[in-house]
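Visitor: Got a predicted model here, sequence first, then my questions.
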Amino acid sequence: MPTASSPQVVTRFAPSPTGYLHIGGARTALFNYLYAKGRGGKFLVRIEDTDRERSTDDAVKAIFDGLSWLELFADEEPVFQHARADRHRDVVDQLLELGAAYRDFTTADETGRLRDEAKAERRTFESPWRDRQPTVDDLSQPHVVRFRRPLPGRVIVPDAVQGEVSWDANDLDDLVLLRSDGAPTYNLAVVVDDHDMGVTHVIRGDDHLNNAARQSLIYDALGWNRPVFAHIPLIHGPDGAKLSKRHGAQAVHEYADIGYLPEAMRNYLARLGWAHGDDELFGDEQARDWFDLDGVGKAPARLDFDKLAHVNSHWLRLAADERLAGLTLDTHLARGAPLNEGDEARLQRAMPFVKDRAKTLLELADQTAFVLKTRPLELDEKARALLSGETVERIARVRARLALFESWDVFALEAELKAFAEEEGVGFGKIGPPMRAALTGGIASPDIARTLSALGREDALGRLDDALQHTRP
């Protein structure tokens, strides 16, 4: 927790809206959220949309939809980077006045040629304008503004995950701060925005590690305090290769669509590259209390769908039946199932009997399809074969006994079915399959007592009546 003499912890998640919120970005957002919330700090969101050609409104919406599904809500209104371009340009003017930046009038073609020469000679590209003063006539020409990196020496960046990282300043070229059209570049905008937003900790993927060197130099030139950098390893696929579409669904909304709960995804993502002892299953409060950067590993984490399914099954078992019924109904509707009165109530009755056997909402939908079937059920050839001869009369007798029950309690139903089988002098294998055929048309369902309870008294007895009517001569 921050003390009276230390600043409030402020973290930020700063995605580029050029695509959906993928699982790697979701984990970065979660780590930032947990680190801030565990210390009484603030979690902020910034949309880094300075690349106006590639940024799309659909991608912005997808990012916010993904964060909303994960329930990672920012403490302030989101910042859109492109709207701050004037502030970025003001800071460039400040750098020019400090002598930490210079105007470069080299044309794009000439810059390309000089870069090729530098590469061939195995040296860093350096603009011929680094130590030249432009004339009045020069200033009327198109140009970029570059940062003048200090030479010689090393750029050292302490990193909360990677340890101390350093670069030779000679290996870093003078990055462009403003393009010739006046548009600010990424590294400049990030530094200015993080400073102005009061960001104290920059937690992001280690693909940004090299940017930390350049950004640190800009902080130093402006006399601003650097934030704490923490570069977390990327997520790899199950085969250890860099994540790609061939590894399966990666966008966060796709995980919602294939039946994962947000609390399960938060639990799983928190453990993806971070550890708190051997703890695997934990809730949000524990995650906030436990999360720290020293628990983040340096090696890339591997996406493990089996482990994700295991975590999801845990949270399905703990979820309220009413909530699961609504989510499962949405899954049925997405599959094109018609909505009938009382369907959600039937699903809610079924939940206690099926949720322990499901790993995803899709599996819950498969296992609850029997309660949504409309009467009279269509019996296939196999179901009709089970409902023939003496079996039909036995089903009629058990139906008559079940009709005496008013409470429709699952344990009472279970005891009555057992007693009936004993009185009939047969094993329950002679009763269960034909009853399932009559009650569900033969599709998957829990044991017969739970199937009866899930359907409810009226529907269950009605389905038995329909089956008897269609199978008796």
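Guide: Cool, the structure landed.

Visitor: any idea how far Ala85 is from Pro184?
Guide: Ala85 is 6 Å from Pro184, where distance means C-beta to C-beta, to the nearest Å. Backbone N, C-alpha and C define where each C-beta goes, glycine included.

Visitor: Touching both of the two, which residues are there?
Guide: Thr50 (C-beta atoms under 8 Å, 6 or more residues apart in numbering).

Visitor: okay, these two: which has more neighbours?
Guide: Pro184 (26 against 15; other C-beta atoms under 10 Å).

Visitor: That one contacts Leu177, correct?
Guide: Yes: using C-beta atoms under 8 Å, Pro184 makes contact with Leu177 at a distance of 7.0 Å.

Visitor: shared neighbours, the two?
Guide: Counting by C-beta under 8 Å, 6+ apart, the residues touching both Pro184 and Leu177 are Val92.

Visitor: for Pro300, phi and psi?
Guide: Main-chain dihedrals, Pro300, degrees, to the nearest 10: phi -60, psi 140.

Visitor: What are the boundaries of the helices in the stretch 201-350 of the chain?
Guide: 209-222, 252-257, 262-270, 284-290, 305-318, 321-334, 343-354 (DSSP state H, counting those that start in this stretch).

Visitor: right, so those helices: which one is the most enclosed?
Guide: The highest average neighbour count among the helices of the stretch 201-350 of the chain, using mean count of other C-beta atoms under 10 Å, belongs to helix 262-270 at a mean of 23.

Visitor: Would you map the strands across this protein?
Guide: Here the chain has its strands, by DSSP state E, at 10-13, 42-47, 79-80, 101-104, 144-147, 154-159, 163-168, 176-178, 201-205, 228-232, 235-236, 301-302.

Visitor: mean confidence score for the third one?
Guide: Spelled out, it's strand 79-80. If you average the pLDDT over strand 79-80, you get 96.

Visitor: what separates that strand from the chain centre, distance-wise?
Guide: Counting by C-alpha atoms, centre = their mean, to the nearest Å, strand 79-80 is centred 21 Å from the centre of its parent chain.

Visitor: Ok, the fourth one next?
Guide: Once both centres are worked out by C-alpha atoms, centre = their mean, strand 101-104 turns out to sit 42 Å from its chain's centre.

Visitor: Can you report the mean pLDDT over the residues of it?
Guide: The average pLDDT within strand 101-104 is 98.

Visitor: swap in the first one?
Guide: The pLDDT scores in strand 10-13 average 98.

Visitor: Contacts only, for Phe229.
Guide: Val157, Pro158, Asp159, Ala160, Val202, Ala212, Ser216.

Visitor: Which two of these have the greatest separation?
Guide: Ala160 and Ser216 (14.0 Å; C-beta to C-beta).

Visitor: Of the helices of the stretch 201-350 of the chain, which shows the lowest average pLDDT?
Guide: Lowest mean pLDDT within the helices of the stretch 201-350 of the chain: helix 252-257, a mean of 88.
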